[in-house]
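>>> Got a predicted model here, sequence first, then my questions.
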Amino acid sequence: SVPDLTWPEPEPLETIEMDDLIRFLQHPMQWFLKNRMGITVPKADETPDDTLPADLNALSSWSVKERLLNGIADGYDLDELTARELAGDGLPPGALGADDLDGAIEAATALWDGAVERGYDREQMQPYRGSVQVGGLLVEGSVSADPQQVYLFVVTPSRIKGKHRLRAFLELVFLTALDPDRPWEAHLLGKRERGDGHLAVSVGPLGDTAAERLSQAEHMLGELVALYREGLGNPIPLPCETAHTWQRSLGRSRSSALWNAGGIWETDRFSPEAADPAHVMLMGDTLSLAELLEETDFEDYCARLWSPIIPLSREKNL
């Protein structure tokens, strides 16, 4: 069961950086431990491995795709990029390495083709920095966006998960509050969350007119700031991937939400969120999803965070 603890009042806030708000919402309990208790919880996968792999592990595979994607974006020829990878030490030896590199090239090319098809040119991205007054608090930050295409754009070899969607949404809301005259959208290109293949996700715009967009942006940002205030006062049960999966699956049925979110929370083979050290430290023994629903306000927090985001989101396979 969840320990019933009372925490001292946090220091009063006047200003918050957008990046801090994003990191908080991506992992509220980890943020609480770090900022209220001074505890940094190491991740389970940070143990270095200096053995020579027989095939690429997930991190190495991601790194190769990232280098290839950046190289293509910088205008380098694929043959040159391939030769550079083969000459380095990031691949397994022999034919196994060649197979892995072929897969990385295919993935990077598919992502880049999808980005070009949507008009992406990172030379056109410009910084937008400013501040927005909401809920008695000044939210400050900077985002990069293309004013000609009227979008924020991220292309990544990573799987597009809840944390990526959350960042895209927050940056979209902040940018719209700064500049409501344009119908800004956020675009994400990356790997599908499950299985193979790639996905294009778009979010927004927040309304049809400048007045509507400004009103929506300020309201949404105010709600997110309210969550931040609560999460500084007490650790809130809002595990990012479980919460996103829960709220998204509720659109089909509650049984679907229980099954899908339970898999993320309890049985994910790489990193079940129930076993996250911050969650275990603040909520005691590992909870089942049923216990999380029964003993905490998880469901209410899911709705508060994700209900505005999901209807604004669209997806298409690349």
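Right, received. Where do you want to start?

>>> can you pull out the strands in the stretch 51-200 of the chain?
126-134, 137-145, 151-159, 185-191, 198-203 (DSSP state E, counting those that start in this stretch).

>>> Mean neighbour count, those strands: which tops it?
strand 185-191 (a mean of 24; mean count of other CB atoms under 10 Å). No exception for glycine: its C-beta is placed from N, CA and C like everyone else's.

>>> which helices and strands does that one pack with?
helix 94-117, strand 151-159, helix 162-178, strand 198-203 (3 or more CB pairs under 8 Å, 6 or more residues apart in numbering; DSSP states H and E).

>>> With distance to E230 added, can I get the strands of the stretch 51-200 of the chain in TSV?
Converted to TSV, the strands of the stretch 51-200 of the chain look like this (distance: least, CB to CB, whole Å):
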stretch	distance to E230
strand 126-134	15
strand 137-145	13
strand 151-159	27
strand 185-191	25
strand 198-203	24
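
>>> if we compare the ones you listed, which one ends up closest to A108?
A108 sits nearest to strand 151-159 of all the strands of the stretch 51-200 of the chain, at 6.9 Å, using CB to CB.

>>> Would you agree E241 is in contact with E273?
Yes: counting by CB atoms under 8 Å, E273 is a contact partner of E241 at 6.0 Å.

>>> between those two, what contacts are shared?
I264 (CB atoms under 8 Å, 6 or more residues apart in numbering).

>>> neighbour count winner among those two?
Higher neighbour count among E241 and E273: E273, with 22 against 19, using other CB atoms under 10 Å.

>>> How about the contacts made by that one?
Counted by CB under 8 Å, 6+ apart, E273 has contacts 239-242, 264-265, 279.

>>> What sits closest to it if chain neighbours are left out?
P239 (4.2 Å; CB to CB, 6 or more residues apart in numbering).

>>> So that neighbour versus S158, what's the distance?
19 Å (CB to CB, to the nearest Å).

>>> returning to what we had before: tell me which of the helices and strands packed on strand 185-191 sits nearest to E218.
Using CB to CB, the helices and strands packed on strand 185-191 put helix 162-178 closest to E218, at 5.8 Å.

>>> by contact count, what packs against the closest one?
helix 18-26, strand 126-134, strand 137-145, strand 151-159, strand 185-191, strand 198-203, helix 210-233, helix 240-249.

>>> That helix vs helix 210-233, what angle?
Helix 162-178 and helix 210-233 meet at an angle of 130 degrees, taking axes from the mean of the first three to the mean of the last three CA atoms, to 10 degrees as the criterion.

>>> Could you pull up the mean pLDDT of helix 162-178?
Across helix 162-178, the average pLDDT comes to 98.

>>> Between helix 18-26 and it, find me the angle.
Relative orientation of helix 162-178 and helix 18-26, computed by the same axes, to 10 degrees: 140 degrees.

>>> next one: helix 162-178 to chain centre, how far?
10 Å (CA atoms, centre = their mean, to the nearest Å).

>>> Dump the contacts of E273 to TSV, plus distance to L232 and pLDDT.
Putting those into TSV (distance: CB to CB, whole Å; pLDDT from 0 to 100) gives the following:
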residue	distance to L232	pLDDT
P239	18	96
C240	17	97
E241	22	96
T242	21	97
I264	25	95
W265	24	96
H279	17	92
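
>>> now, among those residues, which is nearest to E299?
T242 (11.2 Å).

>>> For the closest one, the count of nearby residues, please.
Other residues within reach of T242, judged by other CB under 10 Å, total 27.
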